[in-house]
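sequence first, predicted coordinates after that:
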Amino acid sequence: MNRLQFGLFFIYVLSMLSAGMAWRRWLSRDGLGPNRVLFAGESLLLGSIIIVGQMLVLSLLHLYKAPWLWLAMLSNFLFLLWPPAAAGWKSLFGVKVRWDVPLISFAALLGIFMFRNCYFLVDVDSHSTYLYAQKLWLEHGTSIFASPALDVKVFVPHFNAVPYALGLSVFPGETLFPQLVVAFWTVITVLLIFGYVGWRSNRFYALAASMMVVFNDHVFFSGANAAVIINSALAALFFAAAYNIWEGRPRAGSWRFVLALVFLAQFVANKYPMAYVMVMLLGLGLWMRADRNALFRQFLRNGPWLWSVALSAVICGLWFLKNYLATGCPTFPVLAGQMNALNWDKEMADIFNKAFVGPLNFAMIIKYLNYLFIWPGIHAAKIVIVSISFMPLIFLMSYRRGNFDERDFAQWSYWLGVSLIAIVGMSLVTFVDPRHYRYGIGVMAVAAVWGMDYVLRRCLGFNAKWVMALVIVAALPGWQIIWAHGGSAKYPSFRDNAAVILDRMHMKDAMRIHYPDNAIVLREWPLYADKFQRAAWDAGVGGVTKLSAFLLPVRPQVGLWYTTAVRWDSYGDPSLVARDLSTLGIDWVMTVKDGHLVFVSALAYGQRASGFDKHPRRLFYDYGFPAELSNVRY
């Protein structure tokens, strides 16, 4: 079973590369570009947009089933019939590789990373949201469905998780293929980083920046642990958009600015909170260009440019079309309260935004700017904020020594500015989740490496070899994550990785480790078949539950904040709660207690629900923030 999933994943990667390579060659006939690593990263990222677009179209056409999904995958190999795409393929794999120490080290880093991620997608968010959403799409054969008794998170855009369905459609319940997809998003990210930094500096710096990304604990075991998944697809898109904006300056290659627009269009297809970041980054890119009118005219005359941006924008727009057709609110759950979609209430939406999302105003962001760079635990971000804090002194030191270089300083300043955009833009929407800050980890890693280079060379006068050595050493913190296993995060062991590769461990084995209550449910629910048909799962308050929604038989879900099966005004009265549930055909609420599946009557659930706190005084996700940040004000 595992071997077949590895095989399907290999086909998926080749399909993505074939489609993306054709798109990349359509935009620019520059051979392999600056280097093959960057070319491969860009091709894979472009190909992923095409694949997600194909799958979204199939979901809208009610054709979201294995035969159609894999037919779409295989159809991408037809791009190789186009001579420029075929030539790109031959160049990528046919030209001899120039191996050196940093490239060998980089290949080893990726090899170790992929080996340690040969496991199953087991984190709680994937099982409550992303895997579950794709399971529902497959069961319905479409993405156009909705119910107030569904976790609201299944409706949010999840570009990075759509390819999970390729594996789930063939092996329902098995999450090795989805975990390989998660890990490969990180591979694409570091391919882009290594290729770009190697192009503009040297491969040692490229290796250091890649290490800063991979050695982050949240990134290294993203998905293959109990608690955390990082949307590395968004990290790749963010970094790709950032460097293409810089490289797309006037006289530097305007087609790269167009490529940046293609990637920018997918930001909100991954996460709504990236909207401000997208707008601010686009604004910075346009501000840097004095030839905006000329660029616009050239854009309208160039077919590949125009159609590439239009295609990416349409693919992003399919998420909003899907939500509109399903819920009546294109941005659901954003604005759901204003539009009264699926029982959402304005008061509930306002409290949810304050207690769960946690936006900061600009004044608070400035006040806590250093804190926001440091608390999420990103090594590169800490270097970046120190650089920003001492930038005037760094400028004066390099100027006084006669080593000020306008080009290097401008380049470094740009990456520091984009790092600021990442923090400020995200915090304007939400600051509470440490994972969100990692969307800019690639940008910050490059800013950190070039900042260390500037300080060590221009300010302190170190020679190039010493600088490269010190930069590599500075990128080492966190490397011990390679050996991690077990613990509170339940990281897989080397033995687990080997067992997965050898097809000796499967998701049912991982379920006993990560979701033992689900094993109880699967054993006992057939004993209560009659009750089960009139029952819903207890999704808890704020989605806190020990059960994996993905591994459960599909039934409605009930819980405060993330479902609206119970209307907002009904929570104070048990009889009204029972009435709301009965309207949806729910007489029982199920959970696991004392090692057994338990059915609670709707009225008994209503009595418990009447005690839920509808006006929390502190953030639901409070990681020990200062009181000024964590207290909720009404």
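Cool, the structure landed. Residues are numbered from 1 along each chain as shown.

helices of the stretch 451-600 of the chain, residue ranges please.
464-474, 494-501, 507-514, 516-524, 529-532, 574-583 (DSSP state H, counting those that start in this stretch).

try the stretch 301-450 of the chain
Using DSSP H, counting those that start in this stretch, helices in the stretch 301-450 of the chain cover 303-327, 336-339, 346-352, 362-367, 369-374, 379-389, 391-400, 406-427, 441-454.

with mean pLDDT and mean neighbour count added, can I get these in CSV?
To be clear about C-beta, it is placed using only N, CA and C from the backbone, and glycine gets the same treatment. Formatted as CSV, the helices of the stretch 301-450 of the chain follow (pLDDT from 0 to 100; neighbours: other Cβ atoms under 10 Å):
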stretch, mean pLDDT, mean neighbour count
helix 303-327, 96, 18
helix 336-339, 91, 19
helix 346-352, 93, 17
helix 362-367, 95, 13
helix 369-374, 95, 18
helix 379-389, 96, 21
helix 391-400, 89, 14
helix 406-427, 95, 20
helix 441-454, 97, 28
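
go through those helices and name the closest to L131.
Nearest to L131, of all those, is helix 303-327, at 18.0 Å by Cβ to Cβ.

helices and strands around the closest one, which ones?
If you count contacts as 3 or more Cβ pairs under 8 Å, 6 or more residues apart in numbering; DSSP states H and E, helix 303-327 packs onto helix 2-27, helix 36-60, helix 254-264, helix 267-270, helix 292-301.

relative to V334, which of the ones you listed is closest?
Proximity to V334 (Cβ to Cβ) singles out helix 267-270 among the helices and strands packed on helix 303-327, at 10.1 Å.

downstream of the closest one, the next helix or strand is which one?
Where DSSP states H and E defines the elements, the next helix or strand beyond helix 267-270 is helix 275-287.

ok, and what's touching that next one?
238, 241-242, 245, 248, 257, 260-261, 264, 267-268, 292, 417-418, 421-422, 424-426, 428-429, 439-440 (Cβ atoms under 8 Å, 6 or more residues apart in numbering).

show the pLDDT at S15.
Predicted confidence (pLDDT) for S15: 98.

isn't it right next to L78, touching?
No. Taking contacts as Cβ atoms under 8 Å, S15 lies outside contact range of L78: 10.3 Å.

between the two, which is the more surrounded one?
Shown here are S15 and L78; by other Cβ atoms under 10 Å, S15 has more neighbours (23 against 12).

next one: that one from M114, what distance?
With the distance defined as Cβ to Cβ, to the nearest Å, S15 ends up 19 Å from M114.

if you rank every helix and strand of this protein by mean pLDDT, what lands last?
Using mean pLDDT, DSSP states H and E, the weakest-scoring helix or strand in the chain turns out to be helix 292-301, at a mean of 85.

which residues touch that one?
Contact partners of helix 292-301, identified using Cβ under 8 Å, 6+ apart, comprise 254, 257-258, 286, 289, 305-306, 309.

mind putting those into CSV with distance to V386?
Converted to CSV, these look like this (distance: Cβ to Cβ, whole Å):
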residue, distance to V386
S254, 35
F257, 31
V258, 35
L286, 30
R289, 31
W305, 39
L306, 43
V309, 37
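
closest to V471 out of those?
Using Cβ to Cβ, these come closest to V471 at F257, 29.2 Å.

isn't that closest one right up against W246?
No. With contact defined as Cβ under 8 Å, F257 does not reach W246; the gap is 9.5 Å.

in this structure, where is pLDDT below threshold?
Low-confidence segments of the chain (pLDDT under 70): 251-253.

pull up the distance across stretch 170-178, start to finish.
12 Å (Cα to Cα, to the nearest Å).

how about that stretch, which residues are buried there?
Within stretch 170-178, the residues that count as buried by 16 or more other Cβ atoms under 10 Å are 170-171, 174-178.

equivalent analysis for stretch 94-113, please.
102-103, 105-106, 109-110, 113.

how about stretch 326-336?
Going by neighbour count (16+ other Cβ under 10 Å), the buried part of stretch 326-336 is 326-327, 329-334, 336.

once you drop chain neighbours, what's closest to the residue nearest the centre of the chain?
For the chain, N231 is the residue whose C-alpha lies nearest the centre (Cα atoms, centre = their mean; 1.6 Å). Once flanking residues are discounted, N231 sits nearest to N160: 5.0 Å by Cβ to Cβ, 6 or more residues apart in numbering.

TSV for the buried residues of stretch 326-336, including distance to R29?
Output for the buried residues of stretch 326-336, formatted as TSV (distance: Cβ to Cβ, whole Å):
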residue	distance to R29
A326	41
T327	44
C329	43
P330	38
T331	39
F332	42
P333	44
V334	41
A336	46
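
quick check: the farthest pair among those residues?
A326 and V334 (14.4 Å).

re the thing from before, can you redo the helices of the stretch 451-600 of the chain as a markdown table with mean neighbour count?
Listed next are the helices of the stretch 451-600 of the chain as a markdown table, based on neighbours: other Cβ atoms under 10 Å:
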| stretch | mean neighbour count |
| --- | --- |
| helix 464-474 | 16 |
| helix 494-501 | 17 |
| helix 507-514 | 17 |
| helix 516-524 | 16 |
| helix 529-532 | 11 |
| helix 574-583 | 19 |
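
could you dump the ones you listed to JSON lines with distance to L603?
Output for the helices of the stretch 451-600 of the chain, formatted as JSON lines (distance: least, Cβ to Cβ, whole Å):
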{"stretch": "helix 464-474", "distance to L603": "61"}
{"stretch": "helix 494-501", "distance to L603": "45"}
{"stretch": "helix 507-514", "distance to L603": "33"}
{"stretch": "helix 516-524", "distance to L603": "23"}
{"stretch": "helix 529-532", "distance to L603": "15"}
{"stretch": "helix 574-583", "distance to L603": "4"}
